[in-house]
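Enquirer: this is a predicted model, with the sequence first.
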Amino acid sequence: MSRVVLQTNLPFPRRQGKVRDVYDLDDRLLIVSTDRISAFDWVMPNGIPDKGKVLTQLSLFWFDVLGVDHHFLSSELPDEVRAHDPEQLLVGRSMVVKKAKVVPFECVVRGYLEGSGWKDYQATGQVCGINLPAGLKQCDRLPEPLFTPSTKAQEGHDQNVSLDYMANAIGEGLATELKTKTLQVYQKGTEIARSRGIIIADTKLEWGCCHEQLILVDEVLTPDSSRFWPLDGWEPGRPQASFDKQFVREYLMSTTWDRNSPPPVLPDAIVEQTRQRYIEACERITQKTFAP
């Protein structure tokens, strides 16, 4: 099995997220997707082999086919980076990207009723303050995709907010453009994925401004940022099988872990099954054999 990459160390200014290490290369950024995996706002002590490569390969596929302006420049490592990567651990999991001023909101789209949206609907008949028809089942397809932005919390949970709240914070014009472009990306992405046997139930996108132009940044339509379900097994009224990290969440919910203390090490079987799910999603969508 491939080596697990949990940490990368390069002699450049670095910002570390839950999954990605971002390095400042002066006029560009280097984004490295590690094999770390997070759940319930905790990073697991062990990772999923090749996960970072899956996320990168899927994002590169989507940047190529979605027809939207984005931050990706190259998957070739600059000479100054290669000199510090003799084992080539960064190959296949790295993107050189444009710098952008990131919009301080997650742009979430929900096409199906699951997760926090399902809990919200059961309690209020709404999702994030948006009224929905009565009688919907868990994992039902919504009458139309919902744009439900959230704040970007540095720690803890993101907080769902209304479009008006976002507009008050960043301006009505930018908020409207974010909603329109986010729904367009989701619509095109779901059509492509569905034709290849996968439902993208929901997703979150990040956008940034570069030279006064709104561009898609970070990752896009991956099993880390989306719910991926097999189309041929979809049946409303129950939880769905998945190709995303819901599998890890469900394992953790079956343990005695309280979610308020450091999480347990994931068993080898859970690690390998998660890896296989991510790879299958990548292969189905890109229609290419995954080659680490």
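Expert: Sure thing, it's come through. Residues are numbered from 1 along each chain as shown.

Enquirer: only C-alpha atoms for contact and neighbour calcs from this point on.
Expert: OK.

Enquirer: how many neighbouring residues does residue 106 have?
Expert: Residues near residue 106, counting by other CA atoms under 10 Å, number 22.

Enquirer: please name the nearest non-neighbouring residue to it.
Expert: Spatial nearest neighbour of residue 106, excluding adjacent residues (CA to CA, 6 or more residues apart in numbering): residue 150 at 5.2 Å.

Enquirer: how close does that neighbour get to residue 2?
Expert: With distances taken as CA to CA, to the nearest Å, residue 150 is found 35 Å from residue 2.

Enquirer: which one's more surrounded, these two?
Expert: residue 150 (22 against 8).

Enquirer: am I right that that one is in contact with residue 105?
Expert: Yes - with contact defined as CA atoms under 8 Å, residue 150 counts as touching residue 105 (5.6 Å).

Enquirer: averaged pLDDT, the helix ranked longest in the chain. What do you get?
Expert: Longest helix in the chain by number of residues, with DSSP state H as the criterion: helix 172-195. On average, the pLDDT along helix 172-195 is 98.

Enquirer: and the helix or strand harbouring residue 276, how far out from the chain middle?
Expert: Residue 276 belongs to helix 268-286 when assigned by DSSP states H and E. Once both centres are worked out by CA atoms, centre = their mean, to the nearest Å, helix 268-286 turns out to sit 15 Å from its chain's centre.

Enquirer: and residue 287, how many neighbours?
Expert: 11.

Enquirer: contact partners for residue 144?
Expert: Residue 144 sits next to residue 111 when contact means CA atoms under 8 Å, 6 or more residues apart in numbering.

Enquirer: quick one: low-confidence residue ranges for the chain.
Expert: 1, 153-157 (pLDDT under 70).

Enquirer: the stretch 1-150 of the chain: helices as residue ranges?
Expert: Taking DSSP state H, counting those that start in this stretch as the criterion, the stretch 1-150 of the chain carries its helices at 51-65, 79-82, 116-124.

Enquirer: so which of the ones you listed is the most surrounded?
Expert: Burial of the helices of the stretch 1-150 of the chain is given as mean neighbour count (mean count of other CA atoms under 10 Å); helix 51-65 ranks first at a mean of 22.

Enquirer: helices or strands up against that helix?
Expert: strand 29-33, helix 268-286 (3 or more CA pairs under 8 Å, 6 or more residues apart in numbering; DSSP states H and E).

Enquirer: against residue 246, how distant is residue 268?
Expert: Distance from residue 268 to residue 246, by CA to CA: 17 Å.

Enquirer: same drill for those two, tell me which one is more crowded.
Expert: Of the pair residue 268 and residue 246, residue 246 is the one with more neighbours under other CA under 10 Å, namely 20 against 11.

Enquirer: distance check, that one against residue 39.
Expert: From residue 246 to residue 39 the distance is 9 Å (CA to CA).

Enquirer: run through the residues that contact the closest residue to residue 96 other than its chain neighbours.
Expert: Sequence neighbours aside, residue 30 is the residue nearest to residue 96 in space, at 4.6 Å (criterion: CA to CA, 6+ apart). Residues near residue 30 by CA under 8 Å, 6+ apart: 22, 23, 24, 94, 95, 96, 97.

Enquirer: just to revisit the earlier point, now for the residue nearest to residue 106: which residues touch it?
Expert: Residues in contact with residue 150 (CA under 8 Å, 6+ apart) are 105, 106, 107, 108, 158, 159, 160, 161.

Enquirer: redo those residues as CSV? Include distance to residue 11.
Expert: Shown next, in CSV, are the contacts of residue 150 (distance: CA to CA, whole Å):
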residue, distance to residue 11
105, 30
106, 30
107, 32
108, 34
158, 31
159, 35
160, 37
161, 38
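
Enquirer: now do the buried residues in stretch 143-154.
Expert: By neighbour count with 16 or more other CA atoms under 10 Å, stretch 143-154 contains the buried residues 145, 146, 147, 148, 149, 150, 151, 152.
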